[in-house]
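1. Sequence plus the predicted model coming up.
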Amino acid sequence: MPGGLGQFAAQMPPFGALALILITAMAVTPFLNNAVTVLVMAPIAASFAQTLGYRPEAFLMAVAIGAGCDFLTPIGHQCNTLVFGPGGYRFSDYPRLGMPLSFIIILVSVPALLYVWPVR
């Protein structure tokens, strides 16, 4: 399996590999539009899952959830941008409040995805 992340994920249990894809999508979406993040990450996640011997459905849903959950910047999602000025928020408010919310999303999403879309 080429690439460092793929070799690292091959040693992980399924929930770790799924969390890795979810976190990667969450990390990419502040820099790209959420729709573009899905377009870029979906083929990567599907081939990632196939290479690891897992069914790709949960990985694709992890990409969708990760792309829609940008709470770390005011520019990553259009809703964040809309409330930035009228709400009187500062840029530093987003990561301070968004980081705990992102962790909650990861902790809830990974087990839920594995329950609804088993990888084996």
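-> Thanks, I have it.
2. quick one, phi/psi of V63?
-> Main-chain torsions, V63, degrees, to the nearest 10: phi -60, psi -40.
3. make that L107, sorry
-> Dihedral angles (degrees, to the nearest 10) for L107: phi -60, psi -30.
4. how far away is it from A35?
-> Separation of L107 from A35 (CB to CB, to the nearest Å): 26 Å. Quick note: C-beta positions are derived from backbone N, CA and C, even for glycine.
5. The residue found closest to Y54 once you drop the neighbours it is linked to in the chain - how many residues pack around it?
-> Distances taken as CB to CB, 6 or more residues apart in numbering place V119 nearest to Y54, at 3.9 Å, with adjacent residues excluded. Counted with other CB atoms under 10 Å, the neighbours of V119 add up to 19.
6. dump the residue contacts of V119.
-> By CB atoms under 8 Å, 6 or more residues apart in numbering, the residues touching V119 are P14, L18, A49, Y54, R55, A58, F59.
7. What distance do you get for the second one to P118?
-> In other words, L18. 11 Å.
8. shared neighbours of these two, anything?
-> A58.
9. Compare neighbour counts for those two and give me the winner.
-> L18 (29 against 12).
10. can you give me how far stretch 71-85 is from the chain middle?
-> 17 Å (CA atoms, centre = their mean, to the nearest Å).
11. What of stretch 6-22?
-> How far stretch 6-22 lies from its chain's middle: 13 Å, per CA atoms, centre = their mean.
12. contacts for that stretch?
-> 1, 5, 41, 45, 48-49, 51-52, 54, 58-59, 62-63, 65-66, 106, 109-111, 113-114, 119-120.
13. Sounds good, over and out.
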